[in-house]
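**Student:** output the structure for:
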Amino acid sequence: MPEYRLYYFANMHARASAIKCQLAHANADWEDIEVPGSEWSQHKPEFGAMPVVRLADNTLLKESIPTSRYLAKVFGQYPEDALAAQ
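**Tutor:** Reported below is the predicted structural model:
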């Protein structure tokens, strides 16, 4: 099983784009899971909204900006200098 599983709507980029770029840039072990609109009702109770990243330990990362910040820190893409991080 991949270390990161990204769930987002099929054929859409929008809020998942930055996360996809970060995972690809880091050469992370990840899977892009496209959820068709017809299957969204099955995922909504667990996810609430998308994009969602499921970690290997089944932890769910929700909301695109906090998830992007988390990944940036994990992959060393976030500056140590607080002013540079703005």
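
**Student:** would you map the helices across this protein?
**Tutor:** For the chain, the helices defined by DSSP state H occupy 17-25, 40-47, 64-74.

**Student:** for the last one, buried residues please.
**Tutor:** This points to helix 64-74. 64, 67-68, 70-72 (16 or more other Cβ atoms under 10 Å). Backbone N, C-alpha and C define where each C-beta goes, glycine included.

**Student:** and the gap between residue 39 and residue 52?
**Tutor:** 14 Å (Cβ to Cβ, to the nearest Å).

**Student:** more crowded one of the two?
**Tutor:** The residue with more neighbours, out of residue 39 and residue 52, is residue 52; 23 against 12, by other Cβ atoms under 10 Å.

**Student:** what is the more buried one paired to in the beta sheet?
**Tutor:** residue 7, residue 62 (DSSP bridges).

**Student:** for it, give me its contacts.
**Tutor:** By Cβ atoms under 8 Å, 6 or more residues apart in numbering, the residues touching residue 52 are 6-8, 60-62.

**Student:** so what pLDDT did it get?
**Tutor:** Looking at residue 52, its pLDDT reads 97.

**Student:** contact partners for the spatially closest residue to residue 34 that is not a sequence neighbour?
**Tutor:** Among residues not flanking residue 34 along the chain, residue 10 sits closest, at 3.8 Å (Cβ to Cβ, 6 or more residues apart in numbering). By Cβ under 8 Å, 6+ apart, the contact set of residue 10 is 34-37.
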